[in-house]
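Colleague: predicted coordinates and the sequence they were generated for:
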Amino acid sequence: MTAILETKGLGKSFGRFAANADIDFSVAQGELRAVIGPNGAGKTTFFNMLSGTTDVTSGAIFFKGCDITRLSGTRRVHLGIAKAFQTANIYPEQTVLQNCRLAALAHTQGAFALEVFRRSDRLTDVDALAERAIEQLELSGVAGVRSGDLAHGDKKRLDIAIALATKPEILLLDEPVAGMSRDEARKTEALIRKLASSMTVLIIEHDMDLIMGISDSITVLESGSVLANGTPAEIRANGRVQDAYLGGHSEAEIES
Ligand SMILES: Nc1ncnc2c1ncn2[C@@H]1O[C@H](COP(=O)(O)OP(=O)(O)O)[C@@H](O)[C@H]1O
Ligand SMILES: [Mg+2]
């Protein structure tokens with residue numbers, strides 16, 4: 001299988017503190033990969049470097065073999081890398097549809113930058129992308145609702161819809177079911193599983209039932225470094241993972 005996204009020796013330091021160190025990582029096209037680890041392990045920092053939200057201290061990131069380490073987040077969105085931003089990307093005054101249209105516009109503006117005269121094509125494209133993202137996340141019933149007024153679960157799914165409206169090849173989800181009720185979490189799990197049949201998905205989640213149920217493979221981070229890679233069965237049976245992760249796992253269960 002070809003790697004769609006790879007990192008070599010990736011590191012991020014905040015002052016003297018290494019939040020990520022020497023991460024070698026490779027995900028194959030079409031794979032659904034979970035990234036797990038105790039709170040503070042560096043999972044979000046890692047995703048932020050992949051999406052270009054945070055710059056890199058050391059090492060390199062490759063998308064389909066091309067070095068993207070120094071590319072802006074916007075350029076990465078145009079290449080097809082999207083991250084759901086834990087509601088930080090939502091404009092609360094705008095409706096669900098408007099939020100998704102804005103995201104789709106960000107995508108098509110990149111793709112059509114040299115075709116300013118094809119504006120009408122572009123607008124059709126924007127609508128189609130936004131509507132499809134809303135349908136895929138089952139938000140059609142609230143498409144006209146002001147995003148700030150959405151219930152928590154819908155807001156979390158809008159977050160994913162916004163990422164999806166940029167037409168990604170690889171989708172990064174940071175704790176997509178955090179704070180959801182069990183029913184909502186299972187519903188969202190089914191939606192993520194469906195999305196994963198047509199794109200590569202990287203997911204950070206504390207919900208172990210979800211992770212073990214949907215992942216092709218799992219990367220475990222601990223103290224900013226990779227502790228293990230493997231299938232769900234391999235990770236479950238790994239003694240080092242059990243030792244290191246027990247603390248974080250029970251902490252997460254208390255939170256949820
Ligand atoms: N902007 C920042 N400045 C300083 N320290 C940070 C910053 N972002 C994250 N950290 C630290 O890096 C570590 C990893 O954080 P994070 O990537 O959020 O972990 P996780 O998502 O696995 O819980 C934590 O100790 C956190 O306090
Ligand atoms: Mg985090």
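Modeller: That came in fine, so what should we check first? Numbers count the residues shown, from 1 in each chain. Ligands and ions are numbered 1, 2, ... in the order given.

Colleague: next SSE after the helix or strand that contains residue 158?
Modeller: Per DSSP states H and E: residue 158 is located in helix 152-164. Using DSSP H and E, the helix or strand that follows helix 152-164 in sequence is strand 170-174.

Colleague: list of residues touching that next one?
Modeller: Residues from elsewhere that reach strand 170-174 (Cβ atoms under 8 Å, 6 or more residues apart in numbering): 4-5, 27, 43-44, 47, 50-51, 63, 80-86, 160, 163-164, 192, 195, 199-205. To be clear about C-beta, it is placed using only N, CA and C from the backbone, and glycine gets the same treatment.

Colleague: quickly check: it near ligand 2 or not.
Modeller: No: shown here: strand 170-174 not in contact with ligand 2 (Cβ under 5 Å from the ion), separated by at least 6.1 Å.

Colleague: can I get that strand in CSV? Just the C-alpha atoms.
Modeller: Output of strand 170-174 as CSV, limited to C-alpha atoms (Å, rounded to 0.1, in the frame of the first residue of the first chain):
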residue,chain,number,x,y,z
ILE,A,170,-7.3,12.8,4.2
LEU,A,171,-9.5,13.8,7.2
LEU,A,172,-8.1,14.5,10.6
LEU,A,173,-10.6,14.2,13.5
ASP,A,174,-9.5,15.3,17.0
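
Colleague: which neighbours in the sheet does it have, and how are they oriented?
Modeller: Applying DSSP bridges to the sheet, strand 170-174 is found paired with strand 81-84 (parallel), strand 200-204 (parallel).

Colleague: quick one: check the last one for contact with ligand 1.
Modeller: No: with Cβ under 6 Å from any ligand atom as the measure, strand 200-204 is seen stopping short of ligand 1, the closest distance being 6.7 Å.

Colleague: check which element follows that strand along the chain.
Modeller: Next along from strand 200-204, by DSSP H and E: helix 208-214.

Colleague: how about the residues of this protein near ligand 1?
Modeller: Residues of the chain lying near ligand 1 (Cβ under 6 Å from any ligand atom): 14, 19, 37, 39-45.

Colleague: if you set the cut-off to 8 Å instead, what comes out?
Modeller: 14-15, 17, 19-20, 37-48, 54, 174, 204, 221, 224 (Cβ under 8 Å from any ligand atom).

Colleague: show me where pLDDT drops low in the stretch 1-150 of the chain?
Modeller: The model of the stretch 1-150 of the chain has pLDDT under 70 over residues 1, 87, 109-123.

Colleague: all helices for it, in order.
Modeller: 43-51, 73-79, 96-111, 119-136 (DSSP state H, counting those that start in this stretch).

Colleague: could I get the ones you listed in a markdown table, plus columns for mean neighbour count?
Modeller: A markdown table is the format used below for the helices of the stretch 1-150 of the chain (neighbours: other Cβ atoms under 10 Å):
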| stretch | mean neighbour count |
| --- | --- |
| helix 43-51 | 23 |
| helix 73-79 | 17 |
| helix 96-111 | 20 |
| helix 119-136 | 16 |
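
Colleague: right, and those - which one's nearest residue 233?
Modeller: Ranking the helices of the stretch 1-150 of the chain by proximity to residue 233 (Cβ to Cβ) places helix 43-51 first, at 21.5 Å.

Colleague: by how many degrees do that closest one and helix 152-164 diverge?
Modeller: Going by axes from the mean of the first three to the mean of the last three Cα atoms, to 10 degrees, helix 43-51 is angled at 30 degrees with respect to helix 152-164.

Colleague: other SSEs contacting helix 43-51?
Modeller: Helices and strands touching helix 43-51, by 3 or more Cβ pairs under 8 Å, 6 or more residues apart in numbering; DSSP states H and E, are strand 3-14, strand 17-28, strand 32-36, strand 81-84, strand 170-174, strand 200-204.

Colleague: among these, which is the most enclosed?
Modeller: strand 81-84 (a mean of 26; mean count of other Cβ atoms under 10 Å).
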